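J.: below is the sequence, then the predicted model.
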Amino acid sequence: MVWKGGWPERQAAAGLFLAQLLSGWVDHLVLGQFRWAVALISLGLLALLVRLSLRYDRWWLLFAAGAQLLALGTHVSSLVGPDALTWSIVTTRMVAWVEIMVLALFGVWEANTAPYAKSERARNRAFHNYKDIRS
């Protein structure tokens, strides 16, 4: 995503990396059975993906935001019945994460082949060339 993707893919990659890194660091912060710090990180990633999907013409971002909403819903469901739903919650989060990773691969393809993404790259290239000429 960082190497072959466009600007939205790079921002999403940074958000995904930070969410993964920070979740491991704050996993021990719980209230009862509710991992509130991980839920906040999940909410932050959802906000990033929604913002990116509203700002850029990328289908993968919209679907990734939906998968992240599903993952965030598992945090809420852990409040309902943490003992009975533990394996369902873990499995759903894992499926959502794999889905986001597959969508990220699709996002790299979309950034390089979709006509609407190419026009965005051309605008960015023209802007950077204009900045270089002026300086």
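T.: Ah, there it is.

J.: now residue 19: how far from residue 57?
T.: Per CB to CB, to the nearest Å, residue 19 is found 24 Å from residue 57. For the C-beta atoms, the positions are set from N, CA and C on the backbone; glycine is no exception.

J.: typed the wrong thing, it's residue 98
T.: 25 Å.

J.: other SSEs contacting the longest helix anywhere in the chain?
T.: Longest helix in the chain, counting residues (DSSP state H): helix 86-113. Contact analysis of helix 86-113 by 3 or more CB pairs under 8 Å, 6 or more residues apart in numbering; DSSP states H and E lists helix 7-26, helix 59-80, helix 115-134 as its packing neighbours.

J.: could you give me the buried positions within it?
T.: In terms of neighbour count (16 or more other CB atoms under 10 Å), helix 86-113 has its buried residues at 89, 92-93, 96-97, 99-100, 103-104, 107-108, 110-111.

J.: what's the angle from it to helix 7-26?
T.: 160 degrees (axes from the mean of the first three to the mean of the last three CA atoms, to 10 degrees).

J.: list the contacts of residue 108.
T.: Neighbour list for residue 108: 1, 4-5, 9 [criterion: CB atoms under 8 Å, 6 or more residues apart in numbering].

J.: low-scoring stretches of this protein, by residue?
T.: Applying pLDDT under 70 to the chain flags residues 81-84, 119-135.

J.: picking up where we left off before, so which of the buried residues of helix 86-113 is the closest to residue 42?
T.: Using CB to CB, residue 93 is the member of the buried residues of helix 86-113 that lies nearest residue 42, at 8.8 Å.
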